[in-house]
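> Below is the sequence, then the predicted model.
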Amino acid sequence: MQQTSPLTRAARALAPLAWTGPAVVLIAVVVVWPVVEMIKSSFQKISRFGVVQGPNGMANYTKLFEEPDFPGVMARSVIWVVAVVAVTILLSLGLAQLFNQRFPGRRLARWAMIAPWAASVLMTGIIFKWMLDPEVGLLNVVRRDLGLLDALGSTEADQLGQASTAMPWLIAVAVFVSLPFTTYALLAGLSTIPAEVYEAAKTDGASRLRTYWSITLPLLRPALIVATLINVMNVFNNFPIIWVMTHGQPGYSTATSTIFMFILKGSDIGESAAMSVVNFGMVIVLVAIFLKVSKWKNEVS
Amino acid sequence: MTATATPPVAAPTRAASAGPARRLPRTRTVVIAAAAYLIAFLFLFPYLVMILTALRPQKELREPSYLPTEFAWENFVNFWSGGLSGNLLVTLQVAAGSTILVLLVAMPAAYYTARHRFRGRTAFLILVLVTQMFQPTAMLVGIYREFSQLGLVDSIWSLILVNGGFNLAFAVWILNAYFGSIPRELEEAAFIDGTGRFGALFRITLPLAAPGVVTALIFTFIAAWNEFVVALTLTTSPEQQPLTVRLNSFIGQYQVDWQNLFAGSVIATVPVIILFALIERKVVSGLTAGSIK
C-alpha cells in the first residue's frame, strides 16, 4: 500500500491511547485510586477528622477483628447475601416462566414489573419503612383489621425495632428490588432456547415438569449463573435498604459488613478502612469467580 | 407457497375434531393473565402507596386510614417552595453531568475497540469488565479519603466523577455491541464518497448506533439520579446534597417532615420509572454483556 512516514506510524501507534485513554484515566481516578487510598489508610492511624497521625501497622485490623460485634456482622453478611440471592433466584424462575407465556397485555405487565428496578432502592426502602410504621403503617393497619395485631403502636407492631422481625423484612425488601433484573435476565435466557427443542420433547411425550427439569433448566444455566453473580455483587453492596430502614439497629443486630464499615467511619477511619479492605477482598473473590465462569473471552476476541 | 397454504386447510379440521378441548387453553390463558396482572400490581403497589401518601392532607398523615379523604396537590407546591428544589437541582446537575462525562469517554473507547484490533485491547476490555463488577460501596473509605485530599468534598464535581466512573462499563459494553454490529463497509463507502473519516463517523455510524447511545444515556442518567451512598459520604451541607441524601436525612429525626419526604420521593421516583420503561428491553444485554454468549 502507501509509504508510511515515521510520523504517521507513531500517530498510528498512539491512536488506541487517544481513543481509549480518557476511559482509562477515568477508571484510574475513580476506581483504582480509591482502592490504593483505602489500603493505605487501613495501615494508618487516622483521627476522626481525617488527620493522618502516622503508621499503625496491623493495629487497625487487630482492633477490627477483636470488635465484639465483628463475628456477628460477618455471619450476617453471608446470611444476607445467601438468603436474598437464593430467594430471588427461586422466585424469578417462577416469574420468568409466567411472563414468558403468551397472554394479552403481557408487555404492560412486564413493564409494571420494572418499577422496583428503576426506582432508587433508597426510595423503596423509605416507602417500606413507612408501610411498616408502628402507628400508621399500612401493613400494620391491615394486620390489625385482619385481627393479627392487637393494637397499633405496640411493640408487636414495631417490626423493624426487633432483630427477629427486622431482618426478614430487610431480606424481603432486598428480594423485591432484585426480582425485576433477575426475571428479565432469565427471560432473556428463555428466549434463546429454540422452540424445536420443546417440540422434540413434546413428541417424545415428556411431561411439563420433566421438560422443565431436563431441558429448560440446563439450557438456562448460563443466564442463571450470570444473574446469580450479578445479584450476589449487588446484594453484598446493598447498603441503602438497611441504612434507611434500620441503620443496622437495634444494636448491630441488622448490620452487614458495609453498614458496619460506614458506622466505623464516624469513629475510626483507619479501622473503617480495614473493614473496607476485608469487604473489598470478598468482592475480588467474587469478581474472580465471575471472570472464570463468564465467557468473556468470546466477547473480547 | 405450499407451506403457507397448508394451515388454513388444516386448522378447521383440527378445531372441529378437538371440539371441547379447545376451551382448555382459553382458561389457562385467563389464569395466567390474572396471575401476571396480580403480580404486576404487587410490583407497583409500594409506589402507589408512595403517591397516595404524598397526596394526603397534612392533618391526615398520622391517621391510620387506608385512603385520604381528599387529595392535597398543594403538597407538591410546598415541596418546591420548602427549600428542596435546590436539592432536586443538585440531583439533576449530577445526573446530567455524569451522563455527559460517560458518553464523552465511552463513545470513543467503544468505537475504537469495536473497529480495531490493537495491543492492550483485551487488557482494556477486561479492565472495563472488572469495574462493572465493582461498586463504590465496598471502597467508600478510599473514595472519601481521595476526595477529601483533593478538596472536593461537598462538590458536585466529585459526584459527577464517581458516578461517571462506575457507570462507564455499561456504556462501553452496550456501545461496543452497537458499533460492532454496523458494517464497516457502510462507513468506508461514505469515506470514499468524500465525507472524510469523521464525517463518515458522524453521518453514518453515530445515527445507526443511536439506540445504543440512548440506552447508555438513560441508564447512566438513572443510575446517577438514584445514587445514594457516595453522595451520603461526600456531601455534608444540606444544600449541596442530592435529593436522595436530603430525603434520607428527614428520617430518624423525631420531627419528621413526612409531607415533603413523600412529595420528594414521588418526584425522585416517577420520572426514572418512566425513563427506564423506554430502555427496559436493552438493559439486560448491557448488564450481562461479556458473560452470556
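Perfect, thanks for sending it.
> Pull the contacting residues for the residue most central in space within chain A.
The centroid of chain A falls nearest to A:Asn234 when counting by Cα atoms, centre = their mean (1.5 Å). By Cβ atoms under 8 Å, 6 or more residues apart in numbering or on different chains, A:Asn234 lies in contact with A:178, B:135. The C-beta positions use only the backbone N, C-alpha and C, and glycine is treated the same way.
> Please state the offset of the helix or strand harbouring it from the chain centre?
Under the criterion of DSSP states H and E, A:Asn234 resides in helix A:217-236. Here the centre of helix A:217-236 is set off from its chain's centre by 11 Å, with Cα atoms, centre = their mean, to the nearest Å.
> How about stretch A:131-150?
Mean-position distance between stretch A:131-150 and its chain equals 30 Å (Cα atoms, centre = their mean).
> do stretch B:173-180 as well
Stretch B:173-180 sits 18 Å away from the centroid of its parent chain (Cα atoms, centre = their mean).
> residues making contact with it?
If you take Cβ under 8 Å, 6+ apart as the criterion, stretch B:173-180 is touched by B:106-107, B:110-111, B:113-115, B:128, B:132, B:205, B:208-209, B:211-213, B:215-216, B:219, B:282, B:285-286, B:289-290.
> average pLDDT across that stretch?
Across stretch B:173-180, pLDDT averages out at 89.
> how close does the residue nearest to the centre of chain A get to A:Ala174?
Distance, A:Asn234 to A:Ala174, by Cβ to Cβ, to the nearest Å: 9 Å.
> Same check on A:Lys45?
Plainly put, A:Lys45 is 35 Å away from A:Ala174 if you go by Cβ to Cβ.
> what's the answer for A:Pro6, then?
In terms of Cβ to Cβ, A:Pro6 sits 59 Å off from A:Ala174.
> Looking at the two, which is more packed in?
Taking neighbours as other Cβ atoms under 10 Å in any protein chain shown, A:Pro6 and A:Ala174 compare with A:Ala174 leading, 26 against 7.
> so the more buried one makes contact with A:Val235?
Yes - with contact defined as Cβ atoms under 8 Å, A:Ala174 and A:Val235 form a contacting pair (6.0 Å).
> Touching both of those two, which residues are there?
Common neighbours of A:Ala174 and A:Val235, using Cβ under 8 Å, 6+ apart, are A:80, A:84.
> Give me the nearest residue to B:Ala216, chain neighbours excluded.
Of all residues not flanking B:Ala216 in the chain, B:Ala171 sits nearest, at 3.9 Å (Cβ to Cβ, 6 or more residues apart in numbering or on different chains).
> okay, now the one you found: neighbour count?
28.
> Does it lie in a helix or a strand, and which?
helix B:156-181.
> buried ones in that helix?
By 16 or more other Cβ atoms under 10 Å in any protein chain shown, the buried positions in helix B:156-181 come out as B:156, B:158-179.
> packing partners for the helix or strand just after that helix?
Sequence order places helix B:184-190 as the next helix or strand after helix B:156-181, per DSSP H and E. Where contact means 3 or more Cβ pairs under 8 Å, 6 or more residues apart in numbering or on different chains; DSSP states H and E, helix B:184-190 is packed against helix B:197-200.
> Can I get the helix it packs on in PDB? Just the C-alpha atoms.
Written as PDB, here are the backbone C-alpha positions of helix B:197-200 (Å, rounded to 0.1, in the frame of the first residue of the first chain):
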ATOM      1  CA  ARG B 197     -13.300   9.900   8.300                       C
ATOM      2  CA  PHE B 198     -15.100  11.900  10.900                       C
ATOM      3  CA  GLY B 199     -17.800  12.800   8.500                       C
ATOM      4  CA  ALA B 200     -18.500   9.100   8.000                       C
END
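> So which residues of the stretch 101-250 of chain B form helices?
B:121-133, B:140-149, B:156-181, B:184-190, B:197-200, B:206-208, B:210-226, B:229-234, B:243-249 (DSSP state H, counting those that start in this stretch).
> With respect to these, which exhibits the lowest mean confidence?
Ranked by mean pLDDT, the helices of the stretch 101-250 of chain B bottom out at helix B:197-200, which scores a mean of 76.
> Any idea how far stretch A:46-60 is from the middle of the chain?
31 Å.
> swap in stretch A:151-169?
Distance, centroid of stretch A:151-169 to centroid of chain: 25 Å (Cα atoms, centre = their mean).
> Same question for stretch B:32-48.
Distance of stretch B:32-48 from the chain centroid (Cα atoms, centre = their mean) equals 21 Å.
> Would it count as contacting chain A?
Yes - with Cβ under 8 Å from any Cβ of the partner chain as the measure, stretch B:32-48 is seen reaching chain A through B:32-33, B:35-37, B:39-41, B:43-44, B:46-47.
> nearest to A:Met74, of these?
Top of the list for closeness to A:Met74, among the residues of stretch B:32-48 next to chain A and by Cβ to Cβ, is B:Pro46 at 30.7 Å.
> neighbours around the closest one, how many?
A count of nearby residues for B:Pro46, using other Cβ under 10 Å, gives 24.
> With A:Ile263 instead?
A:Ile263 has 19 neighbouring residues, counting by other Cβ under 10 Å.
> my guess is it meets A:Trp243, correct?
No - here A:Ile263 lies out of contact with A:Trp243, judged by Cβ under 8 Å, at a distance of 9.7 Å.
> anything in the helix or strand harbouring A:Leu187 near chain B?
If you go by DSSP H and E, A:Leu187 is part of helix A:163-191. Yes - Helix A:163-191 reaches chain B (Cβ under 8 Å from any Cβ) through A:176, A:179-181, A:184-185, A:187-189.
> Which of those residues ranks first by neighbour count?
A:Ala185 (27 neighbours).
> Check what pLDDT it gets.
A:Ala185 is assigned a predicted lDDT (pLDDT) of 91.
> B:Gly97 too?
If you check B:Gly97, the pLDDT there is 96.
> Can you mark which positions in the helix or strand hosting it are buried?
Element membership for B:Gly97, per DSSP H and E: helix B:85-115. Buried positions in helix B:85-115, judged by neighbour count with 16+ other Cβ under 10 Å: B:87-88, B:90-91, B:93-95, B:97-99, B:101-103, B:105-115.
> Alright, calling it a day.
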